[in-house]
Each structure stands twice: as structure tokens, then as C-alpha cells.
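> got a sequence here, can you model it:
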Amino acid sequence: MKKLNYLFISLLILISVIFYSCGGTEQTGNDNIGNQANDSVYVFDQPVLDNNIAEQPKVTPSSREAKYYVVQIGAFTTKDKADKFTEEAKKLLKNKIEISYSSDINLYVVQLTPPYNKKEVAEKVRNNLWKIEKFKDAWILTVTR
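Below is the predicted model of the structure:
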């Protein structure tokens, strides 16, 4: 049942990211990390470990239906929690981090930017994040434009 809940919430987040890429959303900056025990994030895939977390090639779509991959490190019910988490994450990672609000699911999502144009690269980054306790629930969203 818990796995089904994770899947349902993850699908809602994926849908919000798709809508986010098609329209305007609220974006914001940083603060300190909140209590992660009360903040839920979810994982889809199994780890394949590697070492280079900061690797971030830019997306260059080559067709009308371009696919890209977003590494998401958190989803929070309040902006304050997302801001606090983002500030802490910026201290631990070399990656650029962005907060977006999804009115469809009423969550603030924290993602690495820019997105990746190869799934293997996004998986490599995500897998390295899993080595850090604070990011053990990082996952990948596939977005098609």
C-alpha cells in the first residue's frame, strides 16, 4: 500500500512538472534545511553507483518531441520547507538547484538544473546523490516537450 502511495504521488509530481514546462510557475531561492522527517520525497529506480554528482550537460532538443530528464531531490508542502532544504542542499552540492511550485499537486518541488538530455547521465547524478543521506530519496522525472 505504501508503495502504491509513493507511485501515486510520484505520478502527480511528474504531471505537475509537465504542466510546469508548458506554463509559468513561481520560482524562488534558498534558506536552511527543515526537518526531513516531516518532508516526504520518493524514489523510483534502483541505484547504480558512480562518483560524479556535478556533471550537468545542457539540454539541446533535436526534434519536436524532445525528451529530457530532471533529477528531483525533494517535494514539500510549504515554501519555507523547500527553501530550507534548498539552502542546505546548496551547501552540499555543486549543482544549480531550483524550486518550482505546482498548483496541480500543491507541492514545492526542488530540482537540479539544467535538465539532462540523456537518461544515463541523469541516473549517474541521481545514483551519486543516493550516497548522501540527505538525498537518498532523489529520483528522475522524464519530461517530453
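> so for stretch 126-134, first residue to last residue, what's the gap.
12 Å (CA to CA, to the nearest Å).
> number of residues surrounding P115?
Per other CB atoms under 10 Å, the neighbour tally for P115 reads 22. (Each C-beta comes from the backbone N, C-alpha and C, glycine too.)
> ok, it - contacts?
Contacts for P115 were tallied using CB atoms under 8 Å, 6 or more residues apart in numbering; they are 59, 68-70, 122, 143.
> and it, its phi and psi?
Per-residue torsions, P115: phi -70, psi 170 (degrees, to the nearest 10).
> if I look at it, how far off is N106?
Applying CB to CB, to the nearest Å, the value for P115 to N106 is 23 Å.
> now for whichever strand in the chain runs longest, which elements pack on it?
In the chain, taking DSSP state E as the definition, the longest strand is strand 67-76. Applying 3 or more CB pairs under 8 Å, 6 or more residues apart in numbering; DSSP states H and E, one finds that strand 67-76 makes contact with helix 2-22, helix 79-92, strand 107-113, helix 119-129, strand 139-144.
> again, 6 Å this time
strand 107-113, helix 119-129, strand 139-144 (3 or more CB pairs under 6 Å, 6 or more residues apart in numbering; DSSP states H and E).
> could you pull out the buried residues of the longest one?
The reference is to helix 119-129. 121-129 (16 or more other CB atoms under 10 Å).
> and which of those residues is nearest I99?
Distance to I99 across the buried residues of helix 119-129 (CB to CB) is lowest for L129, with 16.7 Å.
> hmm, that closest one is touching F135, no?
Yes. Here L129 lies in contact with F135, judged by CB atoms under 6 Å, at a distance of 3.9 Å.
> before we move on, back to that, got the helices and strands packed on strand 67-76 as CSV, with distance to I97 and mean pLDDT columns?
Formatted as CSV, the helices and strands packed on strand 67-76 follow (distance: least, CB to CB, whole Å; pLDDT from 0 to 100):
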stretch, distance to I97, mean pLDDT
strand 107-113, 6, 95
helix 119-129, 11, 96
strand 139-144, 15, 92
